[in-house]
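1. Predicted model and sequence follow; I will ask about them next.
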Amino acid sequence: MKLPKAVLKELVVAEGDDPRLAKRSTSRTEAEWPKAGKGRAAKEVLDEDLAAFKDELERAQLQLYASGTHALLLIFQAMDAAGKDGTIQHVMSGVNPQGCSVTSFKRPSDTELRHDFLWRCTQALPERGHIAIFNRSYYEDVLVVRVHPELLADSGIDKHDGLWRERYEDINAFERRLHRNGTRVVKFFLHVSKDEQRRRFLDRLDDPTKHWKFSSADLAERAHWDEYQTAYEKAIAATSTKHAPWYVIPADHKPTMRALVAGVIVDAIDRLGLDAPRPAASPEELAQAREQLLAEGS
Ligand code: AMP
Ligand code: MG
């Protein structure tokens, strides 16, 4: 089960293109997907697709793990309540935890601020054979920090002309280095609408079991919605490259978002063209080992 080429093409931001976020749907793809069959509701088809992608992902991860030649870095960025945590949890629920890590990047610590902005993320990069997920990333340094440039003072940096362009360059160079050394970088922007964010915040406030997810800072950031959209647009346009593409995923409908993310990850691993895991021993050695064990009796 693969995501149709037309869907992948629609989601990816081609190098040099503007993502034009305001023009993109936050709820569905233009390409007809998923295709509801006769008598099958879209929701049912979607659940089946997600389950099929998760099976594929399990298979693809095993290939990645067994081959040990490449690593995968998945970056998730989004406005608050767009569904980063839930998507990571659902999509990765089937993969072998031994080959996967998730790191969430919050406001940098004092130690982190004493280093360059890429430093803390390099500590969490995946080794060959592994998948690393970044829940937020060094992109925060051209997003939240761009919306709130006063944060630059924390790291003792003066805002100067060209600062954001320099950071995009540093990011592109960093991601090119990763690609050249066998790490595939795939970046997701979960594109949620302002209305849907409002609904999800209200839902968090209405449900005591979700109160822990709500922070009053979330409302303060919501007030900067347009500035964030602009910052995202600029960052995505400047850093979506052939070797480290951005995918803009409609995020208002959670099952759609999750299935699309899973489909893009499967595609990224498949494009590596890895062979199925090969046995570590020759057929003769396997036969001999089998005989030896059988000879021990029961
Ligand atoms: P959450 O993902 O909801 O736990 O929130 C983490 C918070 O940390 C968000 O408000 C981010 O914008 C913030 N954050 C992450 N990285 C940075 C950074 N480099 N500088 C400032 N704030 C950051
Ligand atoms: Mg939050």
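-> It's in. Ligands and ions are numbered 1, 2, ... in the order given.
2. rest of the way, CA atoms for contacts and neighbours
-> Will do.
3. For the lowest-mean-pLDDT helix or strand in the chain, which helices and strands make contact with it?
-> Ranked by mean pLDDT, DSSP states H and E, the helix or strand of the chain with the weakest confidence is helix 42-67, at a mean of 89. On a contact count with 3 or more C-alpha pairs under 8 Å, 6 or more residues apart in numbering; DSSP states H and E, helix 42-67 meets helix 254-270.
4. who does the helix it packs on touch, helix- and strand-wise?
-> Using 3+ C-alpha pairs under 8 Å, 6+ apart as the contact criterion, the elements in contact with helix 254-270 are helix 42-67, helix 84-91, strand 183-191, strand 246-250.
5. ok, now with 7 Å
-> helix 42-67, helix 84-91 (3 or more C-alpha pairs under 7 Å, 6 or more residues apart in numbering; DSSP states H and E).
6. Tell me which of these sits nearest to ligand 1.
-> Among these, helix 84-91 comes nearest to ligand 1, with 8.4 Å by C-alpha to the nearest ligand atom.
7. buried sites along the closest one?
-> Residues of helix 84-91 classed as buried by neighbour count (16 or more other C-alpha atoms under 10 Å): 84, 87-88, 91.
8. Over to stretch 115-128?
-> In terms of neighbour count (16+ other C-alpha under 10 Å), stretch 115-128 has its buried residues at 117-118, 120-121, 124-128.
9. Check stretch 88-101 too.
-> Here stretch 88-101 shows 88, 91-92, 94-95, 99-100 as buried, counting by 16+ other C-alpha under 10 Å.
10. Does it reach ligand 1?
-> No: between stretch 88-101 and ligand 1, judged by C-alpha under 6 Å from any ligand atom, nothing touches; the nearest distance is 12.6 Å.
11. Point out the residues in the stretch 1-150 of the chain that sit beside ligand 1.
-> Selection of the stretch 1-150 of the chain residues close to ligand 1 by C-alpha under 6 Å from any ligand atom yields 105-108, 140-141, 144-145.
12. Identify all residues paired with residue 249 through a beta bridge.
-> Residue 249 forms beta bridges with residue 190, as assigned by DSSP bridges.
13. returning to that earlier point: just the helices and strands packed on helix 254-270: most buried one?
-> Sort the helices and strands packed on helix 254-270 by mean neighbour count, taking mean count of other C-alpha atoms under 10 Å, and helix 42-67 sits at the top with a mean of 20.
14. circling back to that earlier point, save the helices and strands packed on helix 254-270 as TSV, and put in distance to residue 191 too.
-> Putting the helices and strands packed on helix 254-270 into TSV (distance: least, C-alpha to C-alpha, whole Å) gives the following:
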stretch	distance to residue 191
helix 42-67	19
helix 84-91	10
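15. and residue 297, which of these is closest to it?
-> helix 42-67 (31.8 Å; C-alpha to C-alpha).
16. Quick one: distance of the closest one to the chain centre.
-> Remark: helix 42-67 is offset 15 Å from the chain centroid, using C-alpha atoms, centre = their mean, to the nearest Å.
17. Can I get the helix or strand just after that helix as PDB, trimmed to CA atoms?
-> As assigned by DSSP states H and E, the chain's next helix or strand after helix 42-67 is strand 71-78. Taking C-alpha atoms only, strand 71-78 is exported to PDB below (Å, rounded to 0.1, in the frame of the first residue of the first chain):
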ATOM      1  CA  ALA A  71      19.400   6.600   9.100                       C
ATOM      2  CA  LEU A  72      16.100   8.600   8.900                       C
ATOM      3  CA  LEU A  73      15.500  11.900  10.600                       C
ATOM      4  CA  LEU A  74      11.900  13.000  10.900                       C
ATOM      5  CA  ILE A  75      11.200  16.600  11.900                       C
ATOM      6  CA  PHE A  76       7.800  17.700  13.100                       C
ATOM      7  CA  GLN A  77       6.900  21.400  13.300                       C
ATOM      8  CA  ALA A  78       3.500  23.000  13.800                       C
END
